[in-house]
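*Asks:* Let me see the structure of the following:
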Amino acid sequence: MESTFHGVMAFALLASMLLLGSVLRNRIGLFRNSLAPASIIGGMLGFILLSLGLIPGFEAGDFQALTFHFFTLSFMSLCLTGKSKNASLSGGSVVRGGLWLTFIWTISLGLQGVIGYLVIVAYDAVTGSDTSAWLGAIVTHGFTQGPGQALTYGGIWESQYGVENAAQVGMIYASLGFLVAFVIGVPVAKKFIRGGLNANKASNIDGAFKSGFYRPEQAPSGGKMVSHPANLDSLGYHLGLLGIAYLVTYLWLNFIQAQVAGLTLGGINLSVLFSFNMFFVHGLAVCVLMRFCIDRLGLSHRVDDESLKRITGSSVDFMVVGTLMSIQFTVLYELLTPIMLVTLAVTIATLIGCLLLGRLSGTLGRERALTAFGCCCGSTGTGLLLLRMMDADFSTSVPKELAFFNLAIIVTNFHILFFFAPLVPSLGGWTYFLVFGGTALIFLAGIPLLMMRPSTIPHLQAKESCS
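*Replies:* Prediction:
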């Protein structure tokens, strides 16, 4: 049995780092005032301990698989969660607000990739280095999409197209993205709150927010029991739902891989699109279909959305700490200068873009700007965490807009997420600019349409009346 413990102990180390991070956040004034999440603190602590060789028997690679699966779980549980019903402070149509978030994210996805590619090209020209420009392009999958996609696409680029260290560099960008989101996003949120610029005036940075723990009398409910404990614990029940989704996705990929083996489309190997590296994409679709069936069959009362949110939140926490602990110090050291140059350029462009476009979105523009910045530098969970600072009880319509956004970005970026992203190194520079840069420009050109009054857009007016 001893051989089975290594993976379990890797998970135990992630959990331990999270707990230590929460204690440090609670006890150290610097961490309390910075509002750094326990996952960031614990992840950095784990990275330092691993880099110094103070966790014998473990290395960064031991945490990559766990990071991938926690990322996948976070998205799948999010897609199983029903629609939010709490939105007393409205910024207008949920559809329109969600489209603003969708357009900002889509522009960021294309723009970050182009900027990262060009920065590496310029770096090579100035220094005479031969760093692959694709190690700059993958920044968009680490920043705008997060560690799961960075690991997924980086792994494909590395194994299929020979882009050395693509997965590791993608994970480094994802880690830096999380850090940037909080190092910049938290002070911006504080500034908005102290200036009274947030719509939800009940939201404030109180003692519980700073310490990271609730007082007993303040503790909110974290969900309700669906199944009787004499039959099955409710948490186990909800994990079972995700287990079914995981199993269905696994069986589907096993089946479809045999069908597409050897098939090509335009010279592109279709098996890449149906590899297990793309598990999260197919799992997301399975969970959307499962939730649709649950709702249509009138079984939504058998699913507690708050319990699923706890699973999503916990998965995000484990994903963040795992991302930081998956960084290989040697890769970071060797490519430190180009990585930092790419990160700096992308951060500046993303911050300016989110603040400007968020302001143009009208009422709740600041909430959307901050949420979009979190999503474009980390993940949906990061954006939600930054939004929670300005809208602690989620009484604005932005959380519902964020739910719409999670589905809309799949539609607006279908060609990139499902087709081009896994195949990027085979495209060539100009085709890459055409796909990623062209997508960003098209949606940037569509911003004036979102700024028009709803009454001048009949189909949008109809949607708003339904919202």
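*Asks:* Show me what counts as buried in the helix or strand where residue 103 lies.
*Replies:* In this assignment (DSSP states H and E), residue 103 forms part of helix 94-127. The neighbour-count check on helix 94-127 (16 or more other CB atoms under 10 Å) flags 94-120, 123-124 as buried. To be clear about C-beta, it is placed using only N, CA and C from the backbone, and glycine gets the same treatment.
*Asks:* got a pLDDT number for residue 193?
*Replies:* Here the pLDDT value assigned to residue 193 is 80.
*Asks:* just checking, it touches residue 388?
*Replies:* No - using CB atoms under 8 Å, residue 193 is not in contact with residue 388; the gap is 11.7 Å.
*Asks:* correct me, but residue 58 touches residue 11?
*Replies:* No - look at residue 58 against residue 11 with CB under 8 Å: they stay out of range, at 11.5 Å.
*Asks:* Give me the neighbour count for residue 17.
*Replies:* If you count neighbours by other CB atoms under 10 Å, residue 17 ends up with 27.
*Asks:* Can you pull out the low-pLDDT segments for this structure?
*Replies:* 83-92, 200-205, 264-270, 272, 392-394, 453-467 (pLDDT under 70).
*Asks:* got the residue ranges for the strands in it?
*Replies:* Using DSSP state E, the strands of the chain run over 264-265, 268-269.
*Asks:* any idea how far the residue positioned nearest the centre of the chain lies from residue 27?
*Replies:* Geometric centre of the chain, nearest residue: residue 379, 1.9 Å, by CA atoms, centre = their mean. Distance, residue 379 to residue 27, by CB to CB, to the nearest Å: 27 Å.
*Asks:* what do you get for residue 58?
*Replies:* Between residue 58 and residue 27 the computed distance is 26 Å (CB to CB).
*Asks:* Looking at these two now, which is surrounded by more residues?
*Replies:* Taking neighbours as other CB under 10 Å, residue 58 and residue 27 compare with residue 58 leading, 18 against 11.
*Asks:* Contact partners for that one?
*Replies:* Applying CB atoms under 8 Å, 6 or more residues apart in numbering, we find residue 58 in contact with 9, 10, 13, 50.
*Asks:* what about 6 Å?
*Replies:* Contact partners of residue 58, counting by CB atoms under 6 Å, 6 or more residues apart in numbering, are absent.
*Asks:* Just give the number of residues close to the residue lying closest to residue 381 once chain neighbours are set aside.
*Replies:* Leaving aside its sequence neighbours, residue 381 sits nearest to residue 316 (CB to CB, 6 or more residues apart in numbering; 3.6 Å). Residues near residue 316, counting by other CB under 10 Å, number 27.
*Asks:* again, but for residue 361
*Replies:* Residue 361 has 26 neighbours, counted by other CB under 10 Å.
*Asks:* which residues sit in contact with the closest residue to it other than its chain neighbours?
*Replies:* Ranked by CB to CB, 6+ apart and with sequence neighbours excluded, the top spatial neighbour of residue 361 is residue 100, at 4.2 Å. The contact partners of residue 100, taken as CB under 6 Å, 6+ apart, are 361, 368, 450.
*Asks:* Which of the residues you listed fall in helices?
*Replies:* Assigned to helices by DSSP state H, the following of those qualify: 368, 450.
*Asks:* Relative to residue 341, which of the contacts of residue 100 is nearest.
*Replies:* residue 368 (29.0 Å; CB to CB).
*Asks:* which ones are touching the residue lying closest to that closest one once chain neighbours are set aside?
*Replies:* Sequence neighbours aside, residue 358 is the residue nearest to residue 368 in space, at 4.7 Å (criterion: CB to CB, 6+ apart). Shown in contact with residue 358 (CB under 6 Å, 6+ apart): 365, 368, 369.
*Asks:* So the first one is in contact with residue 359, correct?
*Replies:* Yes - counting by CB atoms under 6 Å, a contact exists between residue 365 and residue 359, whose distance comes to 4.9 Å.
*Asks:* Who has more neighbours out of the two?
*Replies:* Between residue 365 and residue 359, counting by other CB under 10 Å, residue 365 is the more crowded of the two (19 against 12).
*Asks:* Brilliant, that's me finished.
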